[in-house]
Structures are given as structure tokens and as C-alpha cells.
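Novice: Mind folding the following:
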Amino acid sequence: MAAERRTTPGGRLRGNGVLPVVAGLATALTLSGAAVYTVEYLPCDNGGQYVRHAHSTELIGGCVDGEQLPGAPTEDPDAPDSVNTATQEDGHRR
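Specialist: The predicted structure follows:
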């Protein structure tokens, strides 16, 4: 008894799923190569290291200067808004 070949509704033979596997492997290889290239040709001498503390992890060293980073927000997120405070003091509702 011959094995029956599976076909699509249009009559064409269905693939066995090799293309998605090959595409996935090619993508993984490309991304891995890009990562290795980036690390290999890093333009600084000290890549830094992560140091774990009790409740946090800190990056010591590295290629980024602290002056290049944006500043942290200076507002207290728990403080009431000035608009809401003025509205509450006047006794008006929004």
C-alpha cells in the first residue's frame, strides 16, 4: 500500500515545515553574529561589570559616562499635583 501524499486544497504538495526552521536558524545566526561583532569591536577599554547588592544590581565601569544619561525626574510621584492642591483649597470640584 503506497503512502498517500498530502496536498493543499489547490492540489499542490504541502511542505514539511523545513522553511520555518531554516529561517529561524538563519535569523539566530545573524543576530548572534551581530552580537559578537558588537562586543568584539567595542570602542572602549572597560566593558564594565554588574555587581549584585542586597536588593539591586549596579553596573560598575562601562563605556557610558554618567553625564551622557538623562537626569532622573526631580518631582516626587507621591506628592499631590499643584492644580489639585489649589482646587482643594478653594473648595471647588472639577
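Novice: How far does stretch 35-52 stretch from one end to the other?
Specialist: End-to-end distance for stretch 35-52, by C-alpha to C-alpha, to the nearest Å: 24 Å.
Novice: which residues are contacting that stretch?
Specialist: Applying C-beta atoms under 8 Å, 6 or more residues apart in numbering, the contact partners of stretch 35-52 are 57-63. From N, CA and C alone the C-beta is placed, and that goes for glycine too.
Novice: could those go into TSV alongside pLDDT and neighbour count?
Specialist: Formatted as TSV, these follow (pLDDT from 0 to 100; neighbours: other C-beta atoms under 10 Å):
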residue	pLDDT	neighbour count
57	91	8
58	87	10
59	83	10
60	85	9
61	81	13
62	80	13
63	78	12
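Novice: So what's the model's average confidence on the helix or strand containing residue 32?
Specialist: Using DSSP states H and E, residue 32 falls within helix 18-40. Averaging pLDDT along helix 18-40 yields 91.
Novice: Same question for stretch 75-89.
Specialist: Averaging pLDDT along stretch 75-89 yields 62.
Novice: quick one on the thing from earlier: now do whichever helix or strand comes after the helix holding residue 32, average pLDDT.
Specialist: Later in the chain than helix 18-40, the nearest helix or strand by DSSP H and E is strand 49-52. Averaging pLDDT along strand 49-52 yields 90.
Novice: going forward, begin numbering at 531 instead of 1
Specialist: Fine by me, first position is 531 from now on; the one you just mentioned is strand 579-582.
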